[in-house]
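Novice: give me a model of this one.
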Amino acid sequence: MIHDVKLIRRDGSVRNFRVYDRPTPKAGDIITLPVDGQLTKARVSAPPEKPDLVQSVDAEAVEI
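Specialist: Below is the predicted model of the structure:
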């Protein structure tokens, strides 16, 4: 199982990750991603309000 996660950092920068062999995170889940040699925790946000728009990511997370 492969999925893409978009991480939005506190400073507003965006990082994209491809995650292998893990279930797709759901809204409210806490995930840990490697960023610049450090493990960063992030909360997965709710699905977008306009689901009719095509998204290139399976989940979006905001750094906590």
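
Novice: C-alpha from now on. contacts and neighbour counts both.
Specialist: Noted.

Novice: and residue 11, its phi and psi?
Specialist: phi -80, psi 0 (degrees, to the nearest 10).

Novice: next, count neighbours for the closest residue to residue 45 other than its chain neighbours.
Specialist: Of all residues not flanking residue 45 in the chain, residue 27 sits nearest, at 5.1 Å (C-alpha to C-alpha, 6 or more residues apart in numbering). For residue 27, the neighbour count with other C-alpha atoms under 10 Å is 14.

Novice: give me the three-state assignment for residue 27.
Specialist: Recorded secondary structure, residue 27: coil (DSSP: H, G, I helix; E, B strand; the rest coil).

Novice: quick one: pLDDT of it?
Specialist: The model reports residue 27 with a pLDDT of 86.

Novice: listing request: residues of the protein with sub-threshold pLDDT.
Specialist: Applying pLDDT under 70 to the chain flags residues 46-56, 58.
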